[in-house]
Structures are given as C-alpha cells and as structure tokens.
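Asker: Need the 3D shape of this:
(chains A, B, C and D)
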Number of protein chains: 2
Amino acid sequence: MAAKDAHHPDLDDVALTTVLAALADPLRLGLVRLLSDGAERQWGELDAPVAKSTLSHHLKVLRSSGITRTRDEGTRCYVHLRAEELEKRFPGLLRNLLDAEGHGATTVGLKQPRPSA
Amino acid sequence: MAAKDAHHPDLDDVALTTVLAALADPLRLGLVRLLSDGAERQWGELDAPVAKSTLSHHLKVLRSSGITRTRDEGTRCYVHLRAEELEKRFPGLLRNLLDAEGHGATTVGLKQPRPSA
DNA sequence: TTCGATGTTCGACGAACTTCGAATAATGTG
DNA sequence: CACATTATTCGAAGTTCGTCGAACATCGAA
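Answerer: Numbers count the residues shown, from 1 in each chain, chains lettered A, B, ... in the order given. Sure, this is the predicted structure:
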C-alpha cells in the first residue's frame, strides 16, 4: 500500500518556515518543479537519482509540509501539487520560486514508459 | 573586530535553495523581518533570545547567503538587508516572504537604548 | 599601555537530517 | 495460492545544523 496514514495538514497550520525548509532541499525542490505543471504523477514515473526509500522519504516530507497531496489507487500512489491551496496560503510564493533562475534544484525527470519505439 | 573576512557573495552566484535554507530558520527569518524596514542595525541593538556566539553565527549565514550586508565601523558592526539586490535576483520573493502570515519566525526586537527614562 | 566594549572563532554537544539496504505490507496477476 | 509489483517502514551510518561557553582579536578611551 501507499501512505496509509498519509495525513495532509491544513495549510493554515503550516508555518512559512516549514515550507521553506521543505523546499530548501535540492531534490524536493526538483520534485516540486516537476510537479509544477499540475499533472498527477505516479511514484514509478519519477526519475530521481536516489534510492526508492529515499524518494519515499522526501515525498513524505513534502506531504507533511502541505506542499503535495497523495492519492492511493491499488498499489500505485499518485502525487500532485497543492498549488491552489498554496496560492491561497502564501500568495505568489510558489510562482516566485518556480520562476527563479539559478535554483539549485536537482533535476528530476520522468522515466521512459517504453524504451523502444 | 567584526567580520574580517566577510565575503559578500554576488547574488548571481547564490542558488535559490541557499536562500531558502537560510530563511528556513526561525531566528534568521526573524532577523530578516526586523531588518525589512531597510534600516541599518548594529549587533548590540538586536535583541534575540540566543547567545552572542549563536547570533554571530546566524548573521554569518545570512551574510554568506547574500541576504544581508555587513559594514564595520571601529568595533561596531552594522547589518542591513540587501533588499534591492534580492529583488533583482528573485523578484517579489522577499516581499512574499515578509507578507506571509503564520510565519514561524522568532521575534527579534530592539534593545532599549537606555533602561530608565 | 592597560582596560573595556564589541564581535569572531573554537571546540563540543545533542538533535535533526539524508541516505541506504533490507524487511514489511498490500494489491493485482497467473 | 504463489508470485511479482509498488510503496512504506525500520535500523543504521554518516553528515549537517543549532547552540553554548570560553578564549581570542580588534578598536577606542583613559
């Protein structure tokens, strides 16, 4: 299963410092950048240069910081940005962070669904 | 003396994650909030609930992250926000962070110049 | 020069974070 | 039912961070 006790905090209960701390990590910022198109992604799609358990950990941090939302479906787990809620809580912040150049974020891509044509 | 090898980085060399990490600390965010009026403050003026050495450490972090600028004058040391430069590097970001409600920042005040009337 | 004020630097400590591999749990398939 | 897939959790190791007190360095004044 995935994220059984996934508690998604009410954004009103999340302090700015919590969000900043979550986004200060290069990998997590990279994940947010990837998710910034609003699409919902599956764990397996994410191509990050870390072990699965590490990825799981970082996604948990993002979740408990109120930045992402997790949805289970069978054995799969989907993530997406809580963009609208973040916009209400911290107006303009997300846009600001995503537009920044020279972000030190780790590049997180998408795995190729099928290697051949 | 104060901040002998105080190297202030060019903001173009500062990554977003560096700034976020610096501002993710409650005390440092509190310092930035205090300095956000643009005024130049002296070390001694700052009333923060930490030891001197700790305060010095945090101010050093802010300095090396490009957020503040330090100026020596005799034995005194003055700090101020690099607001304009930050605005150029990360447009709107500072304003966004300062406007946020429910920031988890430590309150940093100013010491009374003279205790009695 | 001696003293006082102001910051910085130096260990040192515990807490928190990052990372991994292995073990675990849940679902879907043969 | 047995097995593969998917994601979480656990335990451990190593690193970084925040904090402090004490020692040090510098400038200004007496």
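Asker: Tell me the residues on chain A that lie near DNA strand C, please.
Answerer: Applying CB under 7 Å from any atom of the strand, we find that chain A lies next to DNA strand C at A:1, A:4, A:21, A:25, A:27, A:50-54, A:57-58, A:61, A:74-75. Where you see a C-beta, it was placed from the backbone N, CA and C, and this is true even at glycine.
Asker: Pull out the buried residues from those.
Answerer: Those of the residues of chain A next to DNA strand C that meet the buried threshold are A:21, A:25, A:27, A:58, A:61, by 16 or more other CB atoms under 10 Å in any protein chain shown.
Asker: rewinding a little: same for chain B: which of the residues of chain A next to DNA strand C are within range?
Answerer: A:21, A:25 (CB under 8 Å from any CB of the partner chain).
Asker: So for the residues of chain A next to DNA strand C, which is the shakiest by pLDDT?
Answerer: Lowest pLDDT of those: A:Lys4, 52.
Asker: Tell me where chain A is predicted with low confidence.
Answerer: Along chain A, segments meeting pLDDT under 70 span A:1-5, A:112-117.
Asker: Remind me what the longest helix anywhere in it packs against, helices and strands.
Answerer: Counting by DSSP state H, the longest helix found in chain A is helix A:52-64. Applying 3 or more CB pairs under 8 Å, 6 or more residues apart in numbering or on different chains; DSSP states H and E, one finds that helix A:52-64 contacts helix A:26-35, strand A:68-73, strand A:76-81.
Asker: on that earlier part again, determine which two of the buried ones among the residues of chain A next to DNA strand C are furthest apart.
Answerer: Greatest spatial distance among these (CB to CB): A:Ala21 and A:Leu27, at 13.5 Å.
Asker: Can you tell me which residues in chain A are near chain B?
Answerer: Close to chain B, as judged by CB under 8 Å from any CB, chain A has residues A:12, A:14-18, A:20-21, A:23-26, A:29, A:90-93, A:96-97, A:99-100, A:102-105.
Asker: Which residues are in contact with A:Leu62?
Answerer: Taking CB atoms under 8 Å, 6 or more residues apart in numbering or on different chains as the criterion, A:Leu62 is in contact with A:22, A:28, A:31-32, A:68, A:79.
Asker: before we move on, what about A:Arg95?
Answerer: Neighbours of A:Arg95 in contact, by CB under 8 Å, 6+ apart: A:Glu87.
Asker: looking at this, it is in a helix?
Answerer: Yes: counting by DSSP: H, G, I helix; E, B strand; the rest coil, A:Arg95 is part of a helix.
Asker: A:Leu93 against A:Ala83, yeah?
Answerer: No: the pair A:Leu93 / A:Ala83 is not scored as a contact, 10.9 Å apart, by CB atoms under 8 Å.
Asker: Among the helices and strands packed on helix A:52-64, show me which one is buried the most.
Answerer: Across these, the average number of neighbours (mean count of other CB atoms under 10 Å in any protein chain shown) peaks for helix A:26-35, which reaches a mean of 22.
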